[in-house]
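1. I'll drop the sequence and a predicted model, then ask my questions.
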Amino acid sequence: MRTIDWNEESNSVVLVDQTLLPQEYRVIECKTLSSLCEAIQSLRIRGAPALGAAGGFGIALAASLSSAKDIESIMRDLKVAAKALKSTRPTAVNLSWGVDRVLNAVSDAFDVQGIRDIALQEARDIAEEDVETNKLIGKHGAKLLKDGDTVLTHCNAGRLACVDWGTALGVVRSAIADGKEIKVLACETRPLNQGSRITTWELMQDKIPVTLIADSMAGWAMRQGLVNSVLVGADRITQDVVFNKIGTYTHSVLAREHEIPFYVAAPISTFDFKGWEGSIKIEMRNPDELRFAGCEQIAPKDVPVYNPAFDATPMENVTALITERGVFYPPILLDEVLV
Ligand SMILES: CSC[C@H]1O[C@H](OP(=O)(O)O)[C@H](O)[C@@H]1O
């Protein structure tokens, strides 16, 4: 089962509910746009490339559900759906990229059914391409890892952050497929613990050696010589910074201090050629994500909380950007990546 897909029988979006991992692996169906938007906002589906596919399938779902009888009416419905999908999570560029790619694809349709068919096909193409893209990212990135390396990861940039294979963990998978022994030091990634809940689960499923550490242990692990490189995903890459899960910037500063390579693995669809650090909204999430661990209260209910979901790592802290088009060494001109 891929992380997200289309169910032909029920004309719905099916996805792995990642909020239940590692205790339960459950596939849920989103038959309405509101249920898909809730799934995105609650991180049942999460990860930049997976959000790109969710954006595309969201437009296909809206087209399938629309009762419009003419092109003007269904396009109005799709624009409302696009706004709702984009408003769920602002930082990862892939979500709006997936929505806009399907909206653009349907603009040439001749009738309502044509719009429905093209929307679904384009959404499926996004999903298929993501898997191929990740395999290419893996192929290029694997060359940067040496046999016996230990890679420190943050959050989850594996197959559950994508349609399949993964970006950062895709590089690990590809290096292992090339015959290299690679170990992973997975940071738990407070407050939602994508690392301890999802990355460790995903790697243990594949029998890839993984050790869990608290985020605060990363620096000491580097100083102890336990880390050969840091390898993370990305939610948006601009000319000057890499937006990724909160805590990534800290790892980049520590890696620089310890002269450890800091690699970012991401598809070209994560590049934002118009943005820069100050122009992108950082998603601020519910303060209770820090006051509670699951149902257990771990802080005073009324303690003020600062809970940004992402940070921005300056390009000067990045050793290399690993994409499906090859490895790029900053400083780069973003249009180098496009050619
Ligand atoms: C392969 S990109 C994954 C990227 O997305 C994660 O954020 P979230 O779990 O909030 O969707 C995190 O930033 C990962 O690096």
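-> In hand now; what should we look at?

2. any idea how many residues pack against the closest residue to residue 321 other than its chain neighbours?
-> Leaving aside its sequence neighbours, residue 321 sits nearest to residue 328 (CB to CB, 6 or more residues apart in numbering; 4.5 Å). Any C-beta I mention is one placed from the backbone N, CA and C, and that applies to glycine too. Neighbour count for residue 328, taken as other CB atoms under 10 Å: 19.

3. OK, contacts around residue 328?
-> 320-321, 336-337 (CB atoms under 8 Å, 6 or more residues apart in numbering).

4. do that again at 10 Å, thanks
-> By CB atoms under 10 Å, 6 or more residues apart in numbering, residue 328 lies in contact with 140, 237, 264, 318, 320-322, 334, 336-337.

5. repeat for residue 227
-> Counting by CB under 10 Å, 6+ apart, residue 227 touches 149-152, 185, 218-219, 221, 251, 254-255, 258, 260-261.

6. closest one of these to the ligand?
-> Nearest to the ligand among these, counting by CB to the nearest ligand atom, is residue 251 at 11.3 Å.

7. quick one: residue 13 is in a helix?
-> No - counting by DSSP: H, G, I helix; E, B strand; the rest coil, residue 13 is not part of a helix but strand.

8. just the buried ones from the contacts of residue 227?
-> Among the contacts of residue 227, those scoring as buried are 149-152, 185, 218-219, 221, 251, 254-255, 258, 260-261 (criterion: 16 or more other CB atoms under 10 Å).

9. which two of these have the greatest separation?
-> For the buried ones among the contacts of residue 227, with distances taken as CB to CB, the pair at the greatest spread is 149 and 219 (18.8 Å).

10. looking at the buried ones among the contacts of residue 227, which are in strands?
-> 150-152, 185 (DSSP state E).

11. out of those residues, who's near the ligand?
-> Filtering those for proximity to the ligand by CB under 6 Å from any ligand atom leaves nothing.

12. as TSV, those residues with pLDDT would be great.
-> Converted to TSV, those look like this (pLDDT from 0 to 100):
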residue	pLDDT
150	98
151	98
152	98
185	98
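
13. and the closest residue to residue 292 other than its chain neighbours, how many neighbours does it have?
-> Once flanking residues are discounted, residue 292 sits nearest to residue 298: 6.4 Å by CB to CB, 6+ apart. By the criterion of other CB under 10 Å, residue 298 has 10 neighbours.

14. ditto for residue 38
-> 13.

15. follow-up on the earlier one: which ones among the contacts of residue 328 map onto strands?
-> Mapping these onto strands (DSSP E) picks out 237, 264, 320-322.

16. between these, which sits nearest residue 195?
-> Looking across the ones in strands among the contacts of residue 328 and measuring by CB to CB, the closest to residue 195 is residue 264, at 16.3 Å.

17. and the average pLDDT for stretch 161-168 is what?
-> On average, the pLDDT along stretch 161-168 is 98.

18. what segments of the stretch 101-250 of the chain are strands?
-> In the stretch 101-250 of the chain, the segments counted as strands under DSSP state E, counting those that start in this stretch are 150-153, 183-187, 210-213, 229-232, 236-237, 241-245.

19. contacts for the fifth one?
-> The one in question is strand 236-237. Here strand 236-237 makes contact (CB under 10 Å, 6+ apart) with 48, 90-94, 96-97, 242-244, 264, 266-268, 270-273, 275, 280, 310, 312-313, 315, 318, 321, 323, 328, 332, 334, 337.

20. out of the residues you listed, which are close to the ligand?
-> Within the contacts of strand 236-237, those near the ligand by CB under 6 Å from any ligand atom are 48, 244.

21. tell me the buried residues within the contacts of strand 236-237.
-> Here, 16+ other CB under 10 Å leaves 48, 90-94, 96-97, 242-244, 264, 266-267, 270-272, 275, 280, 310, 312-313, 315, 318, 321, 323, 328, 334, 337 buried among the contacts of strand 236-237.

22. from what I see, residue 243 and residue 311 are in contact.
-> Yes - Residue 243 sits in contact with residue 311 when judged by CB atoms under 10 Å, with a separation of 7.5 Å.
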